[in-house]
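Chemist: I would like to see how this sequence folds:
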Amino acid sequence: MSQLNDIPLATLHFYLTAPYPCSYLPDLQARSQVAAPSGLVTPNVYSELIQHGFRRSGTYTYRPRCDTCQACVPLRVLAKEFSPTRSQRRTWNKLGYLQSSLHELQDKPEYFELYQRYQKARHRDGGMDNDDRESYRNFLLQSQVDTLLVEFREQDILRMVSVIDVLADGLSSVYTFFEPDLPHCGYGVYNVLWQIDLCRQLGLDHVYLGYWIADSAKMSYKTKYQPAQGLIDGTWQALKTDTESTSR
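Modeler: Below is the predicted model:
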């Protein structure tokens, strides 16, 4: 726990979970390091923890701590220095008609209906496609930190929902789900660009996009937003890939 010695968390404890199947790399076992009790993870504490690679799911704050693998790399975009590619600019302009509105966490039937359709279309057999209403609420609508819910609508039609944590140094993208029956619309790209834009408007530095895994196709999109940093060996370092677009 030497990497956390600079955090004033005298009464916060950390424990390792039992091994469980990895969601991203087949045939591997994963473990997580969990911060407890959850009631002590205040907004300020969470802002510190996320800089050390932690993330939250509901009120559960964790980071990967696998026995034989270090593939999960926490990733953040440097919002103030971000420069979109030509493709990203096209998507931003194409979906500029979407109307966004900020809310406190709230439960609406249309959110859950969209969430279910998104999971079944985009993540079938991923475990979350069978989430019931309670599992959905525990995952997205429970928070002890500063959290926003963002609606994106086309006129009155709900197209996308994003849950975002507001940190001392930036924003953390918790989860986004969107209309799955309109393929190739670029909702996911637009959403990341929107969060980067909001981060800039708030005068904050970073958009945290969770974990990036080099060998996971599901994670490849995260390094397309440059400049980006990864937390490697306890230090935030420039993170690029061989496939990074140089078209600006």
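Chemist: Could you verify that residue 191 is part of a helix?
Modeler: Yes: counting by DSSP: H, G, I helix; E, B strand; the rest coil, residue 191 falls inside a helix.
Chemist: residue contacts, the spatially closest residue to it that is not a sequence neighbour?
Modeler: Of all residues beyond its chain neighbours, the one nearest residue 191 is residue 176 (5.0 Å), with distances taken as Cβ to Cβ, 6 or more residues apart in numbering. For glycine as for every other residue, the C-beta is placed from the backbone atoms N, C-alpha and C. By Cβ atoms under 8 Å, 6 or more residues apart in numbering, the contact set of residue 176 is 160, 161, 162, 163, 188, 191.
Chemist: Which of those fall in helices?
Modeler: Among those, the members falling in helices (DSSP state H) are 188, 191.
Chemist: what mean pLDDT does the helix or strand harbouring residue 119 have?
Modeler: Using DSSP states H and E, residue 119 sits in helix 109-122. If you average the pLDDT over helix 109-122, you get 93.
Chemist: what number of residues lie near residue 120?
Modeler: Residue 120: 15 surrounding residues under other Cβ atoms under 10 Å.
Chemist: related to what we said a few turns ago, send the alpha carbons of whatever helix or strand the residue nearest to residue 191 lives in over as PDB?
Modeler: Applying DSSP H and E as the criterion places residue 176 in strand 170-178. Coordinates of each C-alpha in strand 170-178 appear next as PDB, following Å, rounded to 0.1, in the frame of the first residue of the first chain:
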ATOM      1  CA  GLY A 170     -11.600  16.400 -13.700                       C
ATOM      2  CA  LEU A 171     -14.400  14.200 -14.700                       C
ATOM      3  CA  SER A 172     -14.700  10.400 -14.500                       C
ATOM      4  CA  SER A 173     -16.800   8.700 -17.100                       C
ATOM      5  CA  VAL A 174     -18.800   6.100 -15.000                       C
ATOM      6  CA  TYR A 175     -21.000   4.600 -17.800                       C
ATOM      7  CA  THR A 176     -22.800   5.600 -21.000                       C
ATOM      8  CA  PHE A 177     -25.600   3.800 -22.800                       C
ATOM      9  CA  PHE A 178     -27.300   4.800 -26.000                       C
END
